[in-house]
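Student: Model the following, please.
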Amino acid sequence: MRNSPTQVIEEVKCVLAFNSLLTVLSKHPQGDRFARGLGPISLAGELDHDRRAGDLKTLYRAYATDVLSDGPVDNEKLTPLNDLRNIFGLGKREAEAIISDVKSQAYRKRLAKSFNTDLAAAPSKASFLQNLCEELQFDPELASKMHEDIYRQKLQQFVADGELSKDETEALTAFQVRLCIPQETVDAAHTDICGQLFEKVVKEAILSVDGYNADRREAVRKAAQSLNLKKEAAMTIFSKAVRKLFLNYIQKAKAAGNRIEQAKELKKLISFNTVVVSELLADIKGELTTAEPATSSATSESETTESEGEDEDYEWESLETLKKTRPDKELKEKLGKSSQKEITLKDDLPLRDRAELYQTYLMFCITGETTNVSFGTAISSKKDDSEYLMLKQLGRILGLTAKEAQDVHIKLAEKAFVQQAEVVLADGKLTESKADQLATIQTQVGLPSEHAQKIIKSITTTKLSSAIEASISRGQIGIQQVRGLKDANFELDSLISEPLRETIYKKCAEEIFSSGTGEFDEEEVYVKMPADLIISAEKARSIVQDIAKVRLENALVQAVALLRQKKRDGVISSLNDLLACDAAVPASKPLSWPTPRELDDLYCVYMKSIPKQDKLSRLQYLLDISAEKAEDLRDAATAGTLPQTGQEEEELAF
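Tutor: Numbering: from 1, shown residues only. Model prediction:
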């Protein structure tokens, strides 16, 4: 049985030799003299091929291992393997996978044999490995992956006891150099394998029932140093564990029943960051904490410098709540420890959620903690200014910039001012006494004057807008009133909606076409009025022309009706309106009327009003009065023989 593998290989060689003879015979010039179907062997078509596929692959692997294990790989070795694949009826991918695996084993064997001899002595490790890959026809990428696996296995073996000795570190360096492993690959392996051990130590320290004591501190320091982790990798692992716990506190705060309970959970988060996280971070970085006298003065100085730098970012000096987040020296000494600022939740929560949490604790700082007493009453216990320092620390944990935290303070001050200003300006009128009252409120909430004025203007504008809309619906607002609002620096587009501005414009256009003056100022109607009402010129022209087309016909009907009623002044006004409509939309042909005599009478009445010649000429065209008839009527008027209208006859008879 000991010789069975050799016997198997010999049998496979016999099969290959027999297959080679059959192949030669199949190509013999006198092949028709042999039995039909004589040719290479193939088991692919056998009924039980699938059942025997596993055994055939085993035979194929055994032969490949025997052929490729020694010496260089060339076509002389690969050709029989290809023939054997066809004989066994194996798929191309199956055979290639087996050959690749065999080459991998051969490469690893050659690598182990030369690691401390030829490879160690080679002046160029990369050239040696490249030549080895070429000799075995082994994929260099697979070789690189193997090198990484070897390094990771060694690292896993060395850190099994929780630390790396000097000899183990040197051995790992030798593996990296001889196997040409990139530094980033080595760093990734250490971060992954050593990081798991370090993370375990960190979690035990964080979650320890006994607290972060001297033993836990020593364990963390030892793990950070003995595992040979880079500071960046250690910080990444530590940050991940801490942020996960931060988020646990945040979830508890969000699930709390009211704002006071939410603030209490956030306070636990702040304390955890100061007491545990800051201490751990200093130990991991190999630093002493602020609690130790050796660096207390240096830390205080750095804190002061940083605080001064942050103060430059604050522009809202009148906001009292913002001032209190910058504690004085006495308050700092009272609180003692400072908190870390490197690990934040900036990338773990959206800005909206972080700002909302910050605002919750800010409200807690302002109002204090409420205690329920008997008879359904509650007492609010005011907090001291130390809460505001904790608020600032919360802002850092949440990853808020100075500007983002400032915006929360501003928003809260605005909200308080708006609530009270709405009551003061309930009628929308700003009197001198109300202005003084609002100034007092502004000082109390610490809102800058320009911002308070903006809110006041917004409230009064909203109230005024409602009143204006009501007046527009009653027809009490025209272009002159709009221009007055504009001169008073009101933002018309926010004060009056676009549909209502168009309503005002239509009303003005209708007034022009019913004024009885006959005047139509294109610049006023098409340029100035649209600009004042913030309406596009195209829209304005469309509105005017639509009105003018309808009014043109109506003006003629109205003029004839007034003529029949013997109202001379009304006839002249209606004809002037007709001319104004025509000026807006010039008629392409004369107007039609079933009784031409009435058109002559309209012309005579208008001519007696001594109009401008251009208006009389245009009316002549519109009423379809020929030049000859118009001349006769003018001559009759000059001679005093112009036929009298019905109204004049009645007046003479009277």
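Student: And the strands in the chain?
Tutor: 369-372, 378-381 (DSSP state E).
Student: I'd like to know which of those strands has the weakest mean confidence.
Tutor: Across the strands of the chain, strand 378-381 has the smallest mean pLDDT, namely a mean of 46.
Student: What's the separation between the nearest residue to Ser497 once chain neighbours are set aside and Ala630?
Tutor: Leaving aside its sequence neighbours, Ser497 sits nearest to Glu469 (CB to CB, 6 or more residues apart in numbering; 7.6 Å). Yep, even glycine has a C-beta here, placed from its N, CA and C like the rest. Glu469 sits 51 Å away from Ala630, going by CB to CB, to the nearest Å.
Student: These two: which has the busier surroundings?
Tutor: Using other CB atoms under 10 Å, the more surrounded residue of Glu469 and Ala630 is Ala630, with 19 against 16.
Student: Tell me if I'm right that that one and Tyr603 touch.
Tutor: Yes: using CB atoms under 8 Å, Ala630 is in contact with Tyr603, at 7.2 Å.
Student: Touching both of these two, which residues are there?
Tutor: Gln620 (CB atoms under 8 Å, 6 or more residues apart in numbering).
Student: Low-confidence stretches in the stretch 501-650 of the chain?
Tutor: Residues of the stretch 501-650 of the chain that meet the criterion pLDDT under 70 lie in 637-650.
Student: now the stretch 51-200 of the chain
Tutor: Scanning the stretch 51-200 of the chain for pLDDT under 70 picks out the ranges 71.
Student: Could I get the full set of helices for it?
Tutor: Remark: helices assigned in the stretch 51-200 of the chain by DSSP state H, counting those that start in this stretch are 75-88, 92-114, 118-121, 125-136, 140-158, 166-178, 183-206.
Student: can those go into a markdown table with extra columns for mean neighbour count and distance to Val418?
Tutor: Formatted as a markdown table, these follow (neighbours: other CB atoms under 10 Å; distance: least, CB to CB, whole Å):
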| stretch | mean neighbour count | distance to Val418 |
| --- | --- | --- |
| helix 75-88 | 17 | 83 |
| helix 92-114 | 16 | 73 |
| helix 118-121 | 13 | 77 |
| helix 125-136 | 16 | 71 |
| helix 140-158 | 16 | 62 |
| helix 166-178 | 14 | 65 |
| helix 183-206 | 17 | 44 |
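Student: Output these in a markdown table; the columns should cover distance to Lys506.
Tutor: Formatted as a markdown table, the helices of the stretch 51-200 of the chain follow (distance: least, CB to CB, whole Å):
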| stretch | distance to Lys506 |
| --- | --- |
| helix 75-88 | 90 |
| helix 92-114 | 80 |
| helix 118-121 | 94 |
| helix 125-136 | 85 |
| helix 140-158 | 78 |
| helix 166-178 | 84 |
| helix 183-206 | 73 |
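Student: Now do the contacts for Ile150.
Tutor: Contact analysis of Ile150 by CB under 8 Å, 6+ apart lists Phe175, Leu179.
Student: Likewise for Leu492?
Tutor: Leu492 makes contact with Val482, Leu485, Lys486, Arg501, Asp532, Leu533, Ile534 under the criterion CB under 8 Å, 6+ apart.
Student: And Glu342, by the same measure?
Tutor: Neighbouring residues of Glu342 by CB under 8 Å, 6+ apart: Met235, Ser239, Leu281.
Student: From those, list the buried ones, please.
Tutor: Among these, those buried by neighbour count (16 or more other CB atoms under 10 Å) are Met235, Ser239, Leu281.
Student: quick one, phi psi at Ser339?
Tutor: phi -110, psi 150 (degrees, to the nearest 10).
Student: List the contacts of it.
Tutor: Ser339 is in contact with Ile270, Asn273, Thr274, Val277, Ser278, Gln393, Arg396, Ile397, counting by CB under 8 Å, 6+ apart.
Student: Equivalent analysis for Val177, please.
Tutor: Lys125.
Student: what's the closest non-adjacent residue to Thr360?
Tutor: Thr360 sits nearest to Gln262 (CB to CB, 6+ apart), 5.1 Å away.
Student: these two touch, right, that neighbour and Ala256?
Tutor: Yes: using CB under 8 Å, Gln262 is in contact with Ala256, at 4.4 Å.
Student: Name the residue in these two with the higher neighbour count.
Tutor: More crowded of Gln262 and Ala256, by other CB under 10 Å: Gln262, with 22 against 15.
Student: now that one: how far from Ala255?
Tutor: From Gln262 across to Ala255, the span is 9 Å (CB to CB).
Student: give me the number of residues near Ser626?
Tutor: 9.
Student: To clarify, my last question referred to Arg483.
Tutor: 15.
Student: Check the one 3 residues further on too.
Tutor: Applying other CB under 10 Å, we find 16 other residues in the vicinity of Lys486.
Student: where does it land on pLDDT?
Tutor: Looking at Lys486, its pLDDT reads 74.
Student: and it, how far is that from Ile477?
Tutor: Taken as CB to CB, the span from Lys486 to Ile477 is 13 Å.
Student: can you tell me which residues contact Asp101?
Tutor: Applying CB under 8 Å, 6+ apart to Asp101 gives the contacts Arg61.
Student: Would you mind measuring from it to Tyr249?
Tutor: According to CB to CB, Asp101 and Tyr249 sit 51 Å apart.
Student: next one: Asp600
Tutor: From Asp600 to Tyr249 the distance is 97 Å (CB to CB).
Student: okay but Leu394 is in contact with Lys268, surely?
Tutor: No: with contact defined as CB under 8 Å, Leu394 does not reach Lys268; the gap is 11.1 Å.
Student: Quick check: neighbours shared by the two?
Tutor: Common neighbours of Leu394 and Lys268, counting by CB under 8 Å, 6+ apart, are absent.
Student: which of these two has more neighbours?
Tutor: Per other CB under 10 Å, whichever of Leu394 and Lys268 has more neighbours is Leu394, with 26 against 13.
Student: picking that back up, was I right about the residue nearest to Ser497 contacting Thr503?
Tutor: No: between Glu469 and Thr503 there is no contact under CB under 8 Å: 10.0 Å.
Student: what are the ranges of the helices in the stretch 351-500 of the chain?
Tutor: Using DSSP H, counting those that start in this stretch, helices in the stretch 351-500 of the chain cover 351-367, 386-397, 402-424, 432-445, 449-473, 479-487, 492-495, 498-512.
Student: Report the buried residues of the second one.
Tutor: Going by neighbour count (16+ other CB under 10 Å), the buried part of helix 386-397 is Glu387, Tyr388, Leu389, Met390, Leu391, Lys392, Gln393, Leu394, Gly395, Arg396, Ile397.
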